[in-house]
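Asks: Structure for this input, please:
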Amino acid sequence: MRRRLKTRVSTEVSVNIYNSYDLIGDIAVIKVPNSDISVAKKIADEILKIYNNKIKAVFLQKSAVHGDFRVRQLTFLTGEKRTITVYKEHGCVFKVDIERCYLSPRLLFEHKRISNLITSSEVVVNMFSGVGCFSILIAKNSCSKVYSIDINPTAHMYMNENVQLNHVTNYVVPLLGDSKEIIKAQLCGVADRVLMPLPELAFEYLLYALMALKSSGGWIHFFDFQHATKDENPVEKTCQKITTHLDALKVSYSFGFSRVIRSVGPYWYQTVLDIHVSGLPDFGP
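Replies: Down below sits the predicted model:
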């Protein structure tokens, strides 16, 4: 992209252009320094040329993902003025409104990795399911029971539609609401495995993930945002944070797979940590 824009923008601007962007279905979402609309429009024009009309619309992301519904502010740049698209991944299809729901194609590897770990005998609780990417892929791969929770009514609506589109109505149970309230009311002690793919809330909700596990224990897939300098390991910092919390709760556990998923800013990283819980205290009513 920088090479293609070399003759259209100043050198100072071109060297600061982000080296990646999101492709969600036939819509591209880009970021540019200082949300410069003139530069963004040039990039948008180039993206339409590069993808030879396979991309139908380009939007500028003007804010970080934020709020309980995990949405981001978008500005239309070029192409078809719509935010609804169909995203395809690993043989599944997901209808989504990218302005009103959260979907990250950057979790493609994790969707597949975690779904491959799960067997048909397992019960899964997905605490932050969005439009259903993790939940539906798990159900398609393993025919396991997945309780799929999200607090965003629009995401819940599309999750219901996507469950139908992917023919997994017998396996995925879409639930609308705050996952900690739903777990306390309906899902205590039911899960062999809990997914927590919302780094902003995962640590705060960890107790409720433990409550959802069966008394015999199980797995928690914990996603985190971690600050780390050049001399620090973001995965190790996530492990340290979890260790302190679980030790205080008197939980028996061990760590499995872990990795940095991506960089999300200067010295900030998204990490994932698989936690095997082998013993749980009595959390009470």
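
Asks: next SSE after whichever strand in the chain runs longest?
Replies: For the chain, the longest strand by residue count, based on DSSP state E, is strand 252-265. Using DSSP states H and E, the helix or strand that follows strand 252-265 in sequence is strand 268-279.

Asks: Neighbours of residue 130, how many?
Replies: By other Cβ atoms under 10 Å, 27 other residues sit near residue 130. All C-beta spots, glycine's among them, are computed from the backbone N, C-alpha and C.

Asks: Can you give me every residue that contacts it?
Replies: By Cβ atoms under 8 Å, 6 or more residues apart in numbering, residue 130 lies in contact with 70, 101-103, 150, 152, 155, 159, 197.

Asks: List just the nearest of the residues you listed to residue 124.
Replies: Closest approach to residue 124 among these (Cβ to Cβ): residue 197, at 12.1 Å.

Asks: ok, how many other residues are close to the closest one?
Replies: Counted with other Cβ under 10 Å, residue 197 comes out at 23.

Asks: what about the residue nearest to residue 168 when sequence neighbours are not counted, is that helix, strand or coil?
Replies: Among residues not flanking residue 168 along the chain, residue 139 sits closest, at 4.0 Å (Cβ to Cβ, 6 or more residues apart in numbering). Using DSSP: H, G, I helix; E, B strand; the rest coil, the structure places residue 139 in helix.

Asks: Contacts only, for residue 139.
Replies: Counting by Cβ under 8 Å, 6+ apart, residue 139 has contacts 146, 166, 168, 171-172.

Asks: For it, give its distance to residue 266.
Replies: The gap separating residue 139 from residue 266 is 38 Å, by Cβ to Cβ, to the nearest Å.

Asks: most surrounded residue in the contacts of residue 139?
Replies: Busiest of the contacts of residue 139 [other Cβ under 10 Å] is residue 146, holding 29 neighbours.

Asks: Please confirm that it is located within a helix.
Replies: No - Residue 146: not assigned to a helix; according to three-state DSSP it is strand.

Asks: Please tell me I have it right and it contacts residue 175.
Replies: No - judged on Cβ atoms under 8 Å, residue 146 makes no contact with residue 175 at a distance of 10.4 Å.

Asks: burial count for residue 98?
Replies: Counted by other Cβ under 10 Å, the residues lying close to residue 98 total 23.

Asks: Name the nearest residue to it, sequence neighbours excluded.
Replies: Using Cβ to Cβ, 6+ apart, the nearest residue to residue 98 is residue 83, at 5.1 Å.
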